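Trainee: Quick check, what structure comes out for this input:
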Amino acid sequence: MIDDIDKLGLQAELVHTVCQLNHGSYDKENHQAVDYLVIPMGEDQGNDTTHSDAEMVIPICHECAEALQGDEWTLIYCLDCGKSHWVLRALSRLNYRHHIIWIKGCPECGSEFRGVYFSDEDEIVWDLAIHKKVA
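Mentor: Have a look, this model is predicted:
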């Protein structure tokens, strides 16, 4: 994941950064970012270990960080265009159990649908860069 020097640089940039997740069409406010959602991208299989060879870093606000750590909401995030959508699990007709569902290609970007990726409960596959890890 992100090393300590990169974390310091990202933390310094938070003062000028706003949340990049969707807060709904009614919300036109710029929400101050307090942390970064870090998503490992790709795989490097050197030295008999598998780890990510790149990370997607997304600034998020306090409200979104709390939603990602709770069990009320699921975030659906398109890796192609960066669009996001929150699903309230209690009102959904589907039984969501993941905190984040990443998709490749969505109706917003008009790309061809190329896959779904989940944040599984049994391993940490994403974390918050500055505050604490989330499983």
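
Trainee: In space, not sequence, find me the middle residue of the chain.
Mentor: With distances taken as Cα atoms, centre = their mean, residue 37 lies nearest the centre of the chain, 4.8 Å away.

Trainee: ok but that residue is inside a helix, no?
Mentor: No: read with DSSP: H, G, I helix; E, B strand; the rest coil, residue 37 is strand and lies in no helix.

Trainee: Isn't it up against residue 69?
Mentor: No: between residue 37 and residue 69 there is no contact under Cβ atoms under 8 Å: 11.1 Å. C-beta coordinates here come from the backbone N, C-alpha and C atoms, glycine included.

Trainee: related to what we said a few turns ago, how about the residue nearest to the centre of the chain, nearest residue that isn't a chain neighbour?
Mentor: residue 58 (4.4 Å; Cβ to Cβ, 6 or more residues apart in numbering).

Trainee: Next, please give the residue ranges for the helices of this structure.
Mentor: Secondary structure of the chain (DSSP state H): helices at 4-13, 62-69.

Trainee: Keeping just the C-alphas, turn the longest one into CSV.
Mentor: Listed next in CSV are the C-alpha coordinates belonging to helix 4-13 (Å, rounded to 0.1, in the frame of the first residue of the first chain):
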residue,chain,number,x,y,z
ASP,A,4,4.7,6.8,4.9
ILE,A,5,6.1,9.6,2.7
ASP,A,6,3.2,9.4,0.3
LYS,A,7,0.8,9.4,3.2
LEU,A,8,2.4,12.6,4.5
GLY,A,9,2.0,14.2,1.1
LEU,A,10,-1.6,13.1,0.7
GLN,A,11,-2.4,14.4,4.3
ALA,A,12,-0.9,17.8,3.4
GLU,A,13,-3.1,18.0,0.3
